[in-house]
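Peer 1: generate coordinates for the sequence data below:
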Amino acid sequence: MQRPPHEDFSLKETKPHLGGGKITGDKLTSTYDLVEQMQYLYVRVVKAKDLPGKDVAGSCDPYVEVRLGNYKGTTRHFEKKSNPEWNQVFAFSKDRIQASILEVNIKDKDFVKDDFIGRVVFDLNEVPKRVPPDSPLAPQWYRLEDRKNEKAKGELMLAVWMGTQADEAFPEAWHSDAAAVSGADGLSNIRSKVYLSPKLWYLRVNVIEAQDLQPSDKSRFPEVYVKAILGNQALRTRVSMNKSINPMWNEDLMFVAAEPFEEPLILSVEDRVAPNKDEVLGRCGVPLQYVDRRLDHKPVNTRWYNLEKHVMVEGEKKKEVKFASKIHMRICLEGGYHVLDESTHYSSDLRPTAKQLWKSSIGVLELGVLNAQGLSPMKTKDGRATTDAYCVAKYGQKWVRTRTIIDSFSPKWNEQYTWEVFDPCTVVTIGVFDNCHTQGGDKNGRDARIGKVRIRLSTLETDRVYTHSYPLLVLHPSGVKKMGEIHLAVRFTCSSLVNMMHMYSQPLLPKMHYIHPLTVSQLDSLRHQATQIVSMRLTRAEPPLRKEVVEFMLDVGSHMWSMRRSKANFFRIMGVLSGLIAVGKWFDQICNWKNPITTVLIHILFLILVMYPELILPTVFLYLFLIGVWYYRWRPRHPPHMDTRLSCADNAHPDELDEEFDTFPTSRPADIVRMRYDRLRSIAGRIQTVVGDLATQGERLQSLLSWRDPRATALFVIFCLIAAIVLYVTPFQVVALLTGFYVLRHPRFRYKLPSVPLNFFRRLPARTDCML
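Peer 2: A predicted model of the protein is given here:
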């Protein structure tokens, strides 16, 4: 594949005109200072009175039409009402205003042609300007005029003003930019909204034992297990070891539960009577509202629950049971854990579930979503390519969604959002999507992803405004593609420097993750359940934040196998080890006297450190300090961004990308799957060889004292005795000097053959002889 030009994917620093300039006394600069000001003409249509009847029956079905040049917005109409109330706001972008007159017409809805009732006309030069936080402009009554500017019957209450996107009327207003959008669903789908993730808890169900079970076949030993179901999550214990009517398990089952708790925990005790046949011995339902909540590792009280043949539904009259089987359990909601719903590498929130355990915030993150440039066409509408773009940003539990800019490859949002920050080592994620629901039509349509940006707060300097244009990169089966650029302004303000510095000494996750750690498989399963719950709850919001959007923001598929990602991680490891390899090569050059002056200086430094060993650690730390101060001159001045070369995305093989985008389980033909399987086998064979070599070296170390090779162990034991005596009678400094000078000896005193200790070590036995 041809490699795209690297500069295309670079981050660009910009200098936008934020806040509309620092105008003295303009309080907008302190509240909306990370975006460019956008001027709008606002028209609030409140209500009308005394409207004349236009039809035969003497009644009217009024609606208001707000007209400005070629733009026209209409309110909903009322049936047979002469005193209607609308309370709707219309916003017209000043950049697109080409008229000097604003007309507000009232019309009567009719089957054939709508009748004109009256109008109010405004000269735009006379419209007042409003700057928040001024109070909203009070609407006034205006007498209607006919087309000849003569007084007509009826009055209309209006407010007209010039404002910016900081106006509180802006989010809910009808926008002239979206004049093509129709229907209530379509309008709600394009507006900006703030969403909150549901509060998630880990639910721990400790199944201890059951008593007095009543299997149908009393002649056999029951094989009993417990199955627990919460929503769409189902887990089961192992089959009890003691096969009796009083089985024991003492096993933990972990679930994810979300507030408000809508579904109870259903437990069933089942007996495996045949390989594919289970008999239910009893069930019980536990409402989560009444479950104990714990904040630390102290165990909660256990309880006995009656097992019934069927679970009682709320409202049913419960039959009195004289005798019942019982199950003994300890159930609690864990408030001391953080429920991981994001990838651990890109977490935006690390606080425990219980609010009582939260620490105070350390600062504020402000994000200005300014605009995008050069977006790719995402769909065709009326035979031409178009994009209806909106942004979603997530940090902590708060999700924000900008309004959708209709039919634009260079949309301007200029919306600003704020989050409280509790940990600097967190990541804010901004995604750009194409809205496929502007007409409120296909409910099953998917919003296409345009790109994503991640910004780690710890890489930002405090109180500095970062304005950059980030490339929007998406990996397709055909390769990496730049879908455009998004222009962001970011500022991280620290409220307490001491608290923030103190955070670096604290554990990354709440303490319960370390006192009672969950297994890797548990965390993986629980994260999957948490992302499903979050996406389901946000999809039920109005307007919905769709499942595909939530999953893209939460990196749901990041754990799937990818040859490209595996290569990238291998090169990352090599990059980390390259420093050690460079030090090793430098030391080899010193030992081989490639530069005699440097080698002599190293001899002198070594001599000083041996004579004065108390200088070793201070020298090491002073050297690290000097390196850090030296590198300060070249510190990164820009936040990190998606790197195609680091990700091995710019030269990935098409077949590797096709494999990465394959479904799970695979949907590819058998010959392709066979080829990929053979490729994986060859890679795994190399890994297997490396792991075997590592095991061999470790077993050789163990065999030094194991007497597996009696002669080798005897030689090593005798050597240890002689070394102990020599080191006891010889001062340590002398031994260190002799060892150092021997290692640094001149090449004419060296041999090309391996050294004696290495020869001895390689001859030691390993357990490879015992391998089949």
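Peer 1: from here on, just use CA atoms for contacts and neighbour counts.
Peer 2: OK.
Peer 1: lowest-pLDDT helix or strand in the protein?
Peer 2: Within the chain, no helix or strand scores below helix 28-31, which has a mean of 48 by mean pLDDT, DSSP states H and E.
Peer 1: after it comes which helix or strand?
Peer 2: Downstream of helix 28-31, the first helix or strand assigned by DSSP states H and E is strand 39-49.
Peer 1: neighbouring strands for the next helix or strand after that next one, and are they parallel or not?
Peer 2: Using DSSP H and E, the helix or strand that directly follows strand 39-49 along the chain is strand 62-68. Within its sheet, strand 62-68 is paired with strand 71-74 (antiparallel), strand 101-108 (antiparallel), according to DSSP bridges.
Peer 1: what's next to strand 62-68, contact-wise?
Peer 2: Contact with strand 62-68 is made by 45, 72-82, 84, 90, 97, 99, 101-109, as judged by C-alpha atoms under 8 Å, 6 or more residues apart in numbering.
Peer 1: now do stretch 46-55
Peer 2: Contacts for stretch 46-55 (C-alpha under 8 Å, 6+ apart): 58-60, 82-88, 108, 115, 117, 139, 153-158.
Peer 1: keeping just the C-alphas, turn it into CSV.
Peer 2: Listed next in CSV are the C-alpha coordinates belonging to stretch 46-55 (Å, rounded to 0.1, in the frame of the first residue of the first chain):
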residue,chain,number,x,y,z
VAL,A,46,-45.0,34.2,22.8
LYS,A,47,-48.8,34.5,22.1
ALA,A,48,-51.6,36.4,20.3
LYS,A,49,-55.0,37.6,21.3
ASP,A,50,-58.2,38.8,19.7
LEU,A,51,-57.5,37.3,16.3
PRO,A,52,-60.3,37.6,13.8
GLY,A,53,-62.1,34.5,12.4
LYS,A,54,-61.4,33.9,8.7
ASP,A,55,-63.4,30.8,7.8
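Peer 1: determine the longest helix present in this structure.
Peer 2: The longest helix of the chain (DSSP state H) is helix 670-702.
Peer 1: in that one, what's buried?
Peer 2: Using 16 or more other C-alpha atoms under 10 Å as the burial criterion, the residues of helix 670-702 that qualify are 696, 697, 699, 700.
Peer 1: please apply the same query to stretch 637-649.
Peer 2: Those buried within stretch 637-649 under the rule 16+ other C-alpha under 10 Å are 639, 641, 642, 643, 644, 647, 648, 649.
Peer 1: check the offset of that stretch from the chain's centre.
Peer 2: 18 Å (C-alpha atoms, centre = their mean, to the nearest Å).
Peer 1: against residue 580, how distant is residue 601?
Peer 2: Computed as C-alpha to C-alpha, to the nearest Å, the residue 601 to residue 580 distance reads 21 Å.
Peer 1: still on that earlier bit, let's test this: mean pLDDT of the helix or strand that the longest helix of the chain is followed by, rounded?
Peer 2: Note on helix 670-702: by DSSP H and E, the next helix or strand toward the C-terminus is helix 710-729. What helix 710-729 shows for mean pLDDT is 93.
Peer 1: pull the residues that contact helix 710-729.
Peer 2: 703, 704, 705, 706, 707, 735, 760, 764.
Peer 1: tally of neighbours for the third one?
Peer 2: What it means is residue 705. Residues contacting residue 705 under the criterion other C-alpha atoms under 10 Å number 15.
Peer 1: tell me the contacts of it?
Peer 2: Per C-alpha under 8 Å, 6+ apart, neighbours of residue 705: 713, 716, 717.
Peer 1: before we move on, what about residue 632?
Peer 2: Contacts of residue 632 (C-alpha under 8 Å, 6+ apart): none.
Peer 1: distance-wise, check it relative to residue 626.
Peer 2: Residue 632 is 10 Å from residue 626, where distance means C-alpha to C-alpha.
Peer 1: same deal with residue 128?
Peer 2: Taken as C-alpha to C-alpha, the span from residue 128 to residue 626 is 61 Å.
Peer 1: rewinding a little: need the buried ones from the contacts of strand 62-68 selected in PyMOL.
Peer 2: Buried members of the contacts of strand 62-68, defined by 16+ other C-alpha under 10 Å, are picked up in PyMOL with:
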select buried, resi 45+73+74+75+77+78+80+81+82+84+90+97+102+103+104+105+106+107+108+109
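Peer 1: where does the protein have low pLDDT?
Peer 2: Low-confidence segments of the chain (pLDDT under 70): 1-7, 20-31, 55-58, 179-180, 182-186, 310-323, 439-444.
Peer 1: where do the helices sit along it?
Peer 2: Applying DSSP H to the chain gives helices spanning 28-31, 184-190, 497-503, 512-515, 520-539, 547-553, 563-591, 596-611, 616-631, 654-660, 670-702, 710-729, 732-743, 756-762.
Peer 1: check which helices and strands the last one is in contact with.
Peer 2: Put plainly, it is helix 756-762. Judged by 3 or more C-alpha pairs under 8 Å, 6 or more residues apart in numbering; DSSP states H and E, helix 756-762 is in contact with helix 670-702.
Peer 1: what is the orientation angle of the helix it packs on with helix 563-591?
Peer 2: 30 degrees (axes from the mean of the first three to the mean of the last three C-alpha atoms, to 10 degrees).
Peer 1: who does helix 670-702 touch, helix- and strand-wise?
Peer 2: helix 756-762.
Peer 1: mind listing residues that contact the helix it packs on?
Peer 2: 700, 701, 712.
Peer 1: return the closest of the residues you listed with respect to residue 401.
Peer 2: Using C-alpha to C-alpha, residue 701 comes nearest to residue 401 of the contacts of helix 756-762, at 59.4 Å.
Peer 1: could you measure that closest one against residue 722, distance?
Peer 2: Between residue 701 and residue 722 the computed distance is 20 Å (C-alpha to C-alpha).
Peer 1: cool, and residue 150?
Peer 2: Counting by C-alpha to C-alpha, the gap from residue 150 to residue 722 is 120 Å.
Peer 1: show me which of the two is the more surrounded one.
Peer 2: residue 722 (12 against 9).
Peer 1: count of neighbours near residue 62?
Peer 2: Neighbours of residue 62 under the rule other C-alpha under 10 Å: 30.
Peer 1: ok, what's across the strand from it?
Peer 2: Residues in beta-bridge contact with residue 62 (DSSP bridges): residue 108.
Peer 1: and if you look at residue 471?
Peer 2: Bridge pairing for residue 471 - DSSP bridges - gives residue 485.
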